[in-house]
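Novice: here's a sequence, model it:
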Amino acid sequence: MNIKLLPGNPYPLGASWDGKGTLVAIFSKNATRVDLCLFNNWGQETSIPLEEVSNYIWHGYIPGIKPGQHYWFRAHGPFDPTEGYRFNPKKLLIDPYAKAITSDVEHKEAIFGYRWNCEDQDLTASEIDDAPWVPKAVVIDESFNWEEDTLLKHPWHKTIIYEVHVKGFTKQHLEIPENLRGTYTGLVHPNMIAYLQNLGITAVELLPVHHFFVQQGHLIDKGLTNYWGYDSLGYFAPHSSYSASGTQGQQVTEFKNMVKTLHKAGIEVILDVVYNHTGEGNHLGPTFFLRGIDNQVYYRIDEENPRYYVDFTGCGNSLNVSHPDVLKLIMDSLRYWVLEMHIDGFRFDLAAALARELYEVGTLATFFDIIHQEPVLSNVKLIAEPWDLGEGGYQVGQFPLLWSEWNGKYRDEIRNFWRGQDSTLASFAYRFMGSADIYEITGRKPHASVNFITAHDGFTLADLVSYNEKHNEVNGENNNDGETYNYSWNCGEEGETDDLQILALREQQKRNFLTTLMLSQGVPMILGGDEIGRSQQGNNNGYCQDNDISWFNWDLTKVNQDFLLFTQQLIKFRHQHPVFRRCKWFQGKALHGSDAKDVVWFNSKGEEMTEEQWEEEGVRAISIFLNGEVIEITDIEGNQVIDASFLLLFNAEENTLKFTLPSNLKSQLWKIVIDTTKTYWIDQEKMYQVNQSITSVKGRSLMVLQSI
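Specialist: As a prediction, this is how the structure comes out:
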């Protein structure tokens, strides 16, 4: 190749085409030389040393280099793992700022920076060139016609999140062309857009779409792959195997089209992002990314023994977010996905790891301070998975303003309440009302609590009511992987059964869980597929199951049509009634001069709960009055929003209980709008008479009365 190298500029990092040529720039503090490697269509390499270095950024400008050009880097420097240096110029390195990456890394000895099967393991440098087995970065044309598309900015209190895997959602959908199944385009096929709109959700939360390491060695030996995608090897590039249009940059355009189409349908796009570690693993992992660019800078190194990593993630390494240039990488990536890809928000995997400036978790860590002040990122949805695997890593409720959190305490308390174990009414009430005990003290609103019963990591809803124990044998780890304590209940028999009574109870429990979720204050999140009865046969850790265990089964004989309809109607019900999605906390007292409180809690006898009753163990029945006249929400014209009032009757006991209507509510006319013992939505016209003061609620069920 006839190459002319000009000095260029140190910014922006990555490869940027300007219409005439391409600027390349990469940060490495400890490298002694960095080569840009260009590849032609025949796989021939041209290696060009980058001679300009500004603030440890190696850069150059090459006229004539166009979109579609494949490139890598090679970094020279010391190979001394005992001191934390792992440079090896035999290893091609993926640009951390690559906008497109062609394929997966192939698991071969060549991709490792050390020699296999030698006595010193990772202390001896490999001399094998890995060019045939490492994916290429691609120079792209970033232009795209967004047709005036902008972020939707749905209010938090009106948000309903649907967590879904790009591939698994459509891989088995027979009404989608085969070549589109499991792709970005397949996700927004007209059938799927109609499905999501009919369901009523307002946002999809996509499992990782940053380009990730699929063919990991420990999985290949078992015939498995990394399905979930929590092992990033590119923070700017959409995962190429989800593209139906090509992997030479077309995946970027296809991803943008997916976002634009979802936005036209009124659906926000939230990305599950993994900035806490990468797919390079521990000291015995491969070298194709940050390890070879500058291991000491990008990763947390054990200060006492720099050969090893500090691992807060359980994945072998932790990104060194205390370093300013690593923080810059993360912030640049986040801004790119908002400004260039029009992403509406992010869910941060193991977010507590990002708060560890040294070893302890600090909610005022630099990462969060920067986001708080950043004009782009401070205006999108930010969701933390508020824990990591390090000491003191469980940080539910400890994240700062602007942040919402996956509320693991909500999940556990609601599961325990309906299975009849290990829960007090006080704990249940706090979770149902948005967890004010966790979030109000920090100045946050109810939307700080992202409520969920199930998520990708754990049982599906169908499995939650069908299994007492995890069944992960197909993962090849002797059932030792996955969470052991699931707070689940199989309703009388483990796994599949023909017992009609058990099957009916399982469906009723599912309706209990979903109804509780949709009527709770906070932001509800549904695990995709729960609404059609998706099961993983008791596997609660399907990260490696890229097959029908994880994929949605759209066969009409397998889709639970009754539960799907119930879910659609329940979501519609939440949208219709603002009392279930308040912007502010309930006060439990009279407001605006009214004699009625905004919320009142009663025992089954219709008596207001006492302090002693809240902490009684073994009591599984309670009723809640929600006053629709004092919601404290105004519409866009400033008018007070008024709703109907509701009386919710919860009976998690095994047997039927009679609930006495509170004396001050007996004069009110009521109708039943939800009864979870029914497989269908209740008759909206059925009413209680004024003199009917006692209501029977069957065991393990929930009844909702609406004022008329």
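
Novice: from start to finish, how long is stretch 211-231 in a straight line?
Specialist: Start-to-end span of stretch 211-231 (C-alpha to C-alpha, to the nearest Å) is 9 Å.

Novice: what's the answer for stretch 5-12, then?
Specialist: Taking C-alpha to C-alpha, the first and last residues of stretch 5-12 lie 17 Å apart.

Novice: how far out from the middle of the chain is it?
Specialist: 37 Å (C-alpha atoms, centre = their mean, to the nearest Å).

Novice: residues in contact with that stretch: which ones?
Specialist: With contact meaning C-beta atoms under 8 Å, 6 or more residues apart in numbering, stretch 5-12 is reached by 23-25, 48, 50-52, 54-55, 57, 59-63, 97, 332. (Each C-beta comes from the backbone N, C-alpha and C, glycine too.)

Novice: try 6 Å
Specialist: Outside stretch 5-12, the residues within contact range by C-beta atoms under 6 Å, 6 or more residues apart in numbering are Leu23, Ala25, Ile48, Glu52, Ser54, Ile57, His59, Gly60, Tyr61, Ile62.

Novice: Cys315: what secondary structure?
Specialist: Applying DSSP: H, G, I helix; E, B strand; the rest coil to Cys315 yields a three-state assignment of coil.

Novice: separation between it and Gly285?
Specialist: Distance, Cys315 to Gly285, using C-beta to C-beta, to the nearest Å: 10 Å.

Novice: cool, Asn486 as well?
Specialist: Separation of Asn486 from Gly285 (C-beta to C-beta): 30 Å.

Novice: with Ser550 instead?
Specialist: Distance, Ser550 to Gly285, by C-beta to C-beta: 25 Å.

Novice: now do Met341
Specialist: 29 Å.

Novice: look at the two and report which has more neighbours.
Specialist: Counted by other C-beta atoms under 10 Å, Met341 and Gly285 do not tie: Gly285 has more neighbours, with 24 against 19.

Novice: please name the residues that touch that one.
Specialist: By C-beta under 6 Å, 6+ apart, the contact set of Gly285 is Gly316.

Novice: quick check, pLDDT for it.
Specialist: The per-residue pLDDT reported for Gly285 equals 95.

Novice: swap in the one 3 residues further on?
Specialist: What the model reports for Phe288 is a pLDDT of 95.

Novice: burial count for it?
Specialist: 27.

Novice: may I have the secondary structure class of it?
Specialist: Strictly by three-state DSSP, Phe288 counts as coil.

Novice: just checking, it touches Val134?
Specialist: Yes - counting by C-beta atoms under 6 Å, Phe288 touches Val134, with 5.2 Å between them.

Novice: what touches both of those two?
Specialist: Both Phe288 and Val134 are in contact with Val105, where contact means C-beta under 6 Å, 6+ apart.

Novice: top helix in the chain by residue count?
Specialist: The residue-count maximum for a helix in the chain (DSSP state H) belongs to helix 500-519.

Novice: now that helix - C-alpha only, CSV.
Specialist: The C-alpha coordinates for helix 500-519 follow below in CSV (Å, rounded to 0.1, in the frame of the first residue of the first chain):
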residue,chain,number,x,y,z
LEU,A,500,-53.9,-29.2,37.3
GLN,A,501,-54.1,-27.8,40.8
ILE,A,502,-50.4,-27.0,40.9
LEU,A,503,-50.5,-25.6,37.4
ALA,A,504,-53.4,-23.3,38.4
LEU,A,505,-51.6,-22.1,41.5
ARG,A,506,-48.5,-21.3,39.5
GLU,A,507,-50.4,-19.2,37.1
GLN,A,508,-52.1,-17.4,40.0
GLN,A,509,-48.7,-16.7,41.6
LYS,A,510,-47.5,-15.2,38.4
ARG,A,511,-50.5,-12.9,38.3
ASN,A,512,-49.8,-12.0,41.9
PHE,A,513,-46.2,-11.1,41.1
LEU,A,514,-46.9,-9.1,38.0
THR,A,515,-49.9,-7.3,39.5
THR,A,516,-47.9,-6.3,42.6
LEU,A,517,-45.1,-5.1,40.3
MET,A,518,-47.4,-3.0,38.1
LEU,A,519,-49.2,-1.4,41.1
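
Novice: residues in contact with that helix?
Specialist: For helix 500-519, contacts defined as C-beta under 6 Å, 6+ apart pick out 414, 418, 451, 453, 461, 465, 491-493, 524, 570, 574, 580, 676, 702.

Novice: before we move on, what about stretch 487-496?
Specialist: For stretch 487-496, contacts defined as C-beta under 6 Å, 6+ apart pick out 412, 415-416, 419, 459, 464-468, 502, 505-506.

Novice: if you set the cut-off to 8 Å instead, what comes out?
Specialist: The contact list for stretch 487-496 (C-beta under 8 Å, 6+ apart) reads 412, 415-416, 419-422, 459, 463-469, 471, 499, 501-502, 505-506, 509, 537-538.

Novice: where does this structure dip in pLDDT?
Specialist: Applying pLDDT under 70 to the chain flags residues 1, 357-364, 589-596, 682-692.

Novice: can you rerun that using 50?
Specialist: Regions of the chain meeting the criterion pLDDT under 50 cover residues 690.

Novice: excluding sequence neighbours, find me the nearest residue to the residue nearest to the spatial centre of it.
Specialist: Geometric centre of the chain, nearest residue: Asp272, 4.1 Å, by C-alpha atoms, centre = their mean. In space, and not counting its chain neighbours, Asp272 is closest to Arg347: 4.8 Å by C-beta to C-beta, 6 or more residues apart in numbering.
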